[in-house]
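Student: Sequence and predicted structure below; questions after.
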2 protein chains.
Amino acid sequence: MRFRLGLLGHGTVGAAFHELLEDRAEAVEATVGMRPELSGVLTRSRGDFADLLERSDLIVELIGGLEPAREYLLAALRAGKHAVTANKQVLSQHGEELYEAAREAGVQLRFEAAVGGVVPVIRVIHETLAAAHIERVHGIVNGTTNFILSEMTRTGASYDDALADAQRLGYAEADPSEDVNGRDAAAKMAIVARLAFGAAVSLDDVPYEGIERVTGEDIEYARELGLALKLVGSAERVGGGLAVRVYPAFLYGEHPLAAVNGSFNAVTIESPAITEITLSGPGAGGPQTASAVLGDVISAMIPPATLPPPAIALPLVTDVESAFYMHVEVADRPGVLAQVAEILGLQGVSVKSVVQRGLGDNARLVMVMHPVLESRFDAAAGLIGRLDFVRSQPRVIRVIEETF
Amino acid sequence: MRFRLGLLGHGTVGAAFHELLEDRAEAVEATVGMRPELSGVLTRSRGDFADLLERSDLIVELIGGLEPAREYLLAALRAGKHAVTANKQVLSQHGEELYEAAREAGVQLRFEAAVGGVVPVIRVIHETLAAAHIERVHGIVNGTTNFILSEMTRTGASYDDALADAQRLGYAEADPSEDVNGRDAAAKMAIVARLAFGAAVSLDDVPYEGIERVTGEDIEYARELGLALKLVGSAERVGGGLAVRVYPAFLYGEHPLAAVNGSFNAVTIESPAITEITLSGPGAGGPQTASAVLGDVISAMIPPATLPPPAIALPLVTDVESAFYMHVEVADRPGVLAQVAEILGLQGVSVKSVVQRGLGDNARLVMVMHPVLESRFDAAAGLIGRLDFVRSQPRVIRVIEETF
């Protein structure tokens, strides 16, 4: 059985979704029993919306902007079709109209990709925290500004230089104004606040400040004080009301958002029952956003599984590659390092770094190895432990490196 | 309409769930249209299971351990009742039998609380990442060991002292062996691996090492090398197979799990399409686990909402309390600090810390304020900006403190 998707827009995210869909259609079919297929693509220059709608079970709106996105989404929902969108502008300015249209037609409108890229902010607020009384949400919801602030912190670059770097690396657009002035983050916080607190919050209700006036000196003070400077979106209950805002803020080093660097997004949700949870991951980016969109499409196709499907057979491997740290006390005499290194080399273990320190008659050898099959490293460590100049069993701890 | 819950177990989590349910039943009814109510409580000393099952729509299993939990869950599922459990032992050792029983009866078996407390690991793998090909999961899934390692790192305490602290503060049980030897984490990783990769993985398949032999010296090396020592659960594709293990490991400082301290749990999920996402929050703990259980109960009552309900009216507040950082260049002469402090005091702004530094004829005043209504602080900053000895407009940035 086919599930027909009408795709609106074929820019960065649209093209990435198209590619991901072709890559994953078979796996999705195996899981949900229907094969998602494009029934057509509408762009500004080609395609007829009415015709595409007629031939689709679900509309994927990736055009962005207010019109014609709003018009297309409303038409789709009113025609009884599900819709999935990544469009923060239209949701933050016409959300109530769209939610109402979906409710009246009894169809789904999903928009995980509108906030936080692949970070499942929407689903977690909607589902996991359905029982919680949310008190406050703090978010780093704009990857461009987080990249710029992280670069300023890491390299001491000025705002202008960090922005230029972000543009060169593709983390900022040619016209970055809606990112750097906080308006993009404000739109996302309006959507989050609507879900977390149930009150209608529009972009116009959210005061925002950007990072354009942040100086290297501000960053320097932050470092001295053990603080991290971030562009923070905040939505919180205040008395009987609600405050939703975006502003640059210093975060204490222990705050869960303080360690979120680069173009990553993260959201911390606080509630008395749960204390807080934090979700983080890459923000925007074509493939990431496309992945969030496809997750929504699958959820619209069938209710999400509550159970794992019957188990498949996969062999369990116990001898895998790991990086290792090893330290060993040795007699401080010539040739020790050479012998240890020879044993490691014979087992194919490659040394990444080594430090030897004298301790009176003895010395301590601390080594970090490149990833190697554990059986090989264990063999080498066993042999090293039996060398006559070794004063203690080698202490061995695995090392996990950043993989992306 | 009522939705009847049969509660098995009334220990820490059971009692917390009972309390949370009474607190939130009305809000749940408003959202889902049914009121969740306890139909009875079964403990080791009172209650009849067959009778309770008869009078329940859903069984909440919070007894823990293998038997009679397994027997009760199977009986409930086979009787066509939904079940929600927080029981990692039974799922990691009899998961296939339970999943199969639920599938055959066409009922739900939900277990978000079995891994990561309120951190929605299960739901995110099941739903958000349904479209993703997961390559690797790294998790800090045991709060006791993470607390002990964090204390050893923070204070330089020995393993024994940190364990004693954890016991005194309620982060470790009187018999902590299954936590510190890695077996608890191994059970959770078996459950996670089953969901992430679809293969049957039992606790017996997961080799585990604990933290009992970690020394202060290991921690010291980690610090020197810019690494963090954590008890890591890892589940990853290796060639055509799967490796699932638990071991202490050094994490590079930039790894998303490196900054997860105290009794918190966190899981990083890697997949080509999404790069990675990290979920973190408090691990075990009665109220947190109870909140995850109630989330599961609500999801079992009705399919999760895909849309926000009609908006409620909440006033939008713009003048809220914030902590502030301010720096201002002033002429370096007597009385300057006194005048600035007087203006702040008159507006009710309380100073948390202040640093004054000479810069030739001028000085720089850097202050951090306690939280205060923004309108009051703005008024004070405006007045300070007009003082004759002030050489620049005050630079003002909000400060967000840890709130829990």
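Tutor: Great, that's in hand.

Student: Surely A:L373 and A:V320 touch.
Tutor: Yes. The pair A:L373 and A:V320 qualifies as a contact (C-beta atoms under 8 Å) at a distance of 7.3 Å. Where you see a C-beta, it was placed from the backbone N, CA and C, and this is true even at glycine.

Student: So for stretch A:302-317, mean pLDDT?
Tutor: Averaging pLDDT along stretch A:302-317 yields 74.

Student: For the spatially most central residue of chain A, what are phi and psi?
Tutor: Note on chain A: the residue nearest the mean C-alpha position is A:G281, at 1.8 Å, using C-alpha atoms, centre = their mean. Note on A:G281: its backbone torsions stand at phi 170, psi -180 [degrees, to the nearest 10].

Student: what pLDDT does it get?
Tutor: pLDDT, A:G281: 91.

Student: list the contacts for the spatially closest residue to it that is not a sequence neighbour?
Tutor: Distances taken as C-beta to C-beta, 6 or more residues apart in numbering or on different chains put B:I277 closest to A:G281, at 3.5 Å, once the chain neighbours are dropped. Counting by C-beta atoms under 8 Å, 6 or more residues apart in numbering or on different chains, B:I277 makes contact with A:118-120, A:279-281, B:124, B:268-269.

Student: Same check on A:L251?
Tutor: A:227-230, A:232, A:257-258, B:399-400.

Student: where do the helices sit along the stretch 1-150 of chain A?
Tutor: A:12-32, A:49-54, A:69-78, A:88-105, A:121-123, A:143-155 (DSSP state H, counting those that start in this stretch).

Student: Packed most tightly, which of those helices would that be?
Tutor: The highest mean neighbour count among those, using mean count of other C-beta atoms under 10 Å in any protein chain shown, belongs to helix A:121-123: a mean of 26.

Student: same for that helix, what does it pack against?
Tutor: Other elements packing on helix A:121-123 under the criterion 3 or more C-beta pairs under 8 Å, 6 or more residues apart in numbering or on different chains; DSSP states H and E are helix A:183-197.

Student: Wondering if the helix it packs on reaches chain B at all.
Tutor: Yes. Helix A:183-197 is in contact with chain B by C-beta under 8 Å from any C-beta of the partner chain, via A:194-195, A:197.

Student: And the contacts of B:I277, which is closest to A:R364?
Tutor: Ranked by distance to A:R364 (C-beta to C-beta), the contacts of B:I277 are led by B:T268 at 32.3 Å.

Student: the inter-axis angle of the stretch of helix or strand A:D165 belongs to versus helix A:143-155?
Tutor: According to DSSP states H and E, A:D165 maps onto helix A:159-168. Counting by axes from the mean of the first three to the mean of the last three C-alpha atoms, to 10 degrees, helix A:159-168 lies at 120 degrees to helix A:143-155.

Student: who touches helix A:159-168?
Tutor: By C-beta under 8 Å, 6+ apart, helix A:159-168 touches A:144, A:147-149, A:151-152, A:155, A:157, A:172-174, A:176, A:180, A:211-212, A:214-216.

Student: Okay, buried residues for that helix please.
Tutor: For helix A:159-168, the buried set under the neighbour-count rule, 16 or more other C-beta atoms under 10 Å in any protein chain shown, comprises A:159, A:162-163, A:165-167.

Student: Over to stretch A:180-199?
Tutor: For stretch A:180-199, by 16+ other C-beta under 10 Å, it's A:180-199.

Student: Please apply the same query to stretch A:219-234.
Tutor: A:219, A:221-222, A:225, A:227-234.

Student: could I get these as CSV with secondary structure?
Tutor: Below are the buried residues of stretch A:219-234 laid out as CSV (DSSP: H, G, I helix; E, B strand; the rest coil):
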residue, secondary structure
A:I219, helix
A:Y221, helix
A:A222, helix
A:L225, coil
A:L227, strand
A:A228, strand
A:L229, strand
A:K230, strand
A:L231, strand
A:V232, strand
A:G233, strand
A:S234, strand
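
Student: Stretch A:232-248 - what's its average pLDDT?
Tutor: 92.

Student: ok, and of the buried residues of stretch A:219-234, which contact chain B?
Tutor: A:221, A:225, A:227, A:229, A:232, A:234.

Student: List the residue ranges of the stretch 251-400 of chain A that fall below the pLDDT cut-off.
Tutor: The stretch 251-400 of chain A contains residues with pLDDT under 70 at A:304-306.

Student: where along it do the strands fall?
Tutor: A:264-271, A:275-282, A:321-331, A:351-359, A:362-369, A:372-373, A:395-400 (DSSP state E, counting those that start in this stretch).

Student: okay if I get the ones you listed as a markdown table plus distance to B:F377?
Tutor: Shown next, in a markdown table, are these (distance: least, C-beta to C-beta, whole Å):
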| stretch | distance to B:F377 |
| --- | --- |
| strand A:264-271 | 23 |
| strand A:275-282 | 26 |
| strand A:321-331 | 49 |
| strand A:351-359 | 49 |
| strand A:362-369 | 49 |
| strand A:372-373 | 57 |
| strand A:395-400 | 44 |
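
Student: of the ones you listed, which approaches B:A292 most closely?
Tutor: That would be strand A:275-282 among the strands of the stretch 251-400 of chain A, by C-beta to C-beta, at 10.1 Å.

Student: Using CSV, write out the CA atom coordinates for the closest one.
Tutor: The C-alpha trace of strand A:275-282 is given here as CSV (Å, rounded to 0.1, in the frame of the first residue of the first chain):
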residue,chain,number,x,y,z
THR,A,275,12.8,18.8,38.0
GLU,A,276,14.1,19.3,34.5
ILE,A,277,15.0,17.6,31.3
THR,A,278,17.4,18.9,28.6
LEU,A,279,17.3,17.9,25.0
SER,A,280,20.1,18.8,22.6
GLY,A,281,21.4,18.2,19.2
PRO,A,282,22.2,19.8,15.9
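
Student: If I take it and strand B:264-271, what angle do their directions form?
Tutor: 20 degrees.

Student: What strands line up against strand A:275-282, and which way round?
Tutor: strand A:264-271 (antiparallel), strand B:275-282 (antiparallel) (DSSP bridges).

Student: Reformat those as TSV; add distance to B:I343.
Tutor: What follows is those, written out as TSV (distance: least, C-beta to C-beta, whole Å):
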stretch	distance to B:I343
strand A:264-271	33
strand B:275-282	41
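
Student: Minimum distance to B:D332: which of the ones you listed has it?
Tutor: strand A:264-271 (41.1 Å).

Student: tell me the angle the closest one makes with helix A:183-197.
Tutor: 30 degrees.

Student: which residues touch strand A:264-271?
Tutor: Against strand A:264-271 from outside (C-beta under 8 Å, 6+ apart): A:115-117, A:119, A:121, A:124-125, A:129, A:132-143, A:146, A:192, A:196, A:255-257, A:260, A:276-283, B:291, B:403-404.

Student: if we go to 7 Å?
Tutor: Residues outside strand A:264-271 that contact it (C-beta atoms under 7 Å, 6 or more residues apart in numbering or on different chains): A:116-117, A:119, A:121, A:125, A:129, A:132-141, A:143, A:146, A:256-257, A:260, A:276-283, B:403.

Student: repeat for stretch A:291-299
Tutor: A:5, A:17, A:20-21, A:24, A:28, A:32, A:36, A:58, A:60, A:84, A:86, A:110, A:112-113, A:117-118, B:127-132, B:273-274.

Student: shaky segments in the stretch 51-200 of chain A?
Tutor: Judged by pLDDT under 70, the stretches of the stretch 51-200 of chain A that qualify are A:131.

Student: try it again with 90
Tutor: Applying pLDDT under 90 to the stretch 51-200 of chain A flags the ranges A:116-118, A:120, A:123-133, A:169-174, A:198.

Student: interface residues of it facing chain B?
Tutor: With C-beta under 7 Å from any C-beta of the partner chain as the criterion, the stretch 51-200 of chain A meets chain B at residues A:96, A:99, A:102-103, A:108-110, A:118-120, A:123-124, A:126-132, A:138, A:194-195, A:197-200.

Student: can you rerun that using 8 Å?
Tutor: Going by C-beta under 8 Å from any C-beta, the residues of the stretch 51-200 of chain A near chain B are A:96, A:99-100, A:102-103, A:108-110, A:112, A:118-120, A:123-124, A:126-133, A:136, A:138, A:194-195, A:197-200.
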